[in-house]
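> Here's a sequence, model it:
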Amino acid sequence: MASDLLYHTFGPVYDKDSRVLILGSFPSVVSRQKNFYYANPGNRFWKLLSVLFDEEITDRRQFCLDHHIALWDVIASCRISGSSDASIRDVTANDIAGLVSRTRIQTVFTTGRKAADLYEKLIVCDAEHIALPSTSGANAAMSFDILKEKYRIIPEKLYEEN
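This next block holds a predicted model:
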């Protein structure tokens, strides 16, 4: 299957008070169309955060800023077929360390194996790295309850004393 060189077309969500960074690999087709992270309705990311923070999320960007969560992706550009992480090649990484240096981020979470592998391979950053499972509907074998247990570390890290 042919794949085109694509560039990440929307910037990170963060401010100087961000305390954790959540990184995906590269936006899905739906996320690219909607210009925002985890926009595919089959992705459980936003439902998971809503449950973990016991809050209805009506404005995703504002929710992240209110809770000191930064969002971005490891990849700035790559060749990809559709939304398939397995097809990703010719990767150029985003400047994750640069973003971290402008914030209070001490923990970086990656969502999914591809994001974790690329982060470990391409990013040099002093922040703690914790790999989490993918929230994609393609990871249907992972139940919502298991995801909830794994992702509970995000609010824990946000609210631990430094």
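> show me where this structure has helices.
Along the chain, the segments classed as helices by DSSP state H run 29-34, 45-52, 60-66, 96-101, 113-122, 144-151, 153-159.
> Mind checking which residue lies nearest the centre of this structure?
The residue lying closest to the centre of the chain (CA atoms, centre = their mean) is Leu23, at 2.9 Å.
> Any stretches of the chain with poor pLDDT?
1-3, 161-162 (pLDDT under 70).
> please redo it, this time with the cut-off set to 80
The chain contains residues with pLDDT under 80 at 1-4, 82-85, 137-138, 140, 160-162.
> what sits against the spatially closest residue to Val29 that is not a sequence neighbour?
In space, and not counting its chain neighbours, Val29 is closest to Ser83: 4.9 Å by CB to CB, 6 or more residues apart in numbering. Bear in mind the C-beta positions are built from the backbone N, C-alpha and C, glycine included. Applying CB atoms under 8 Å, 6 or more residues apart in numbering to Ser83 gives the contacts 28-30, 40.
> farthest pair in these?
Greatest spatial distance among these (CB to CB): Val29 and Asn40, at 8.0 Å.
> neighbour count winner among the two?
More neighbours surround Asn40 than the other of Val29 and Asn40, with 19 against 14 (other CB atoms under 10 Å).
> you'd agree that one is up against Ser31?
Yes - Asn40 sits in contact with Ser31 when judged by CB atoms under 8 Å, with a separation of 6.5 Å.
> buried sites along stretch 138-148?
By 16 or more other CB atoms under 10 Å, the buried positions in stretch 138-148 come out as 138, 147.
> do stretch 44-63 as well
Neighbour counts over stretch 44-63 (16+ other CB under 10 Å) mark 44-49, 52-53, 60, 63 as buried.
> got the end-to-end distance for it?
16 Å (CA to CA, to the nearest Å).
> where's Val30 relative to Tyr38, distance?
Between Val30 and Tyr38 the distance is 9 Å, computed by CB to CB, to the nearest Å.
> When the two are compared, which one has more neighbours?
In this view Val30 and Tyr38 are compared by other CB under 10 Å, and Tyr38 has more residues nearby, 24 against 15.
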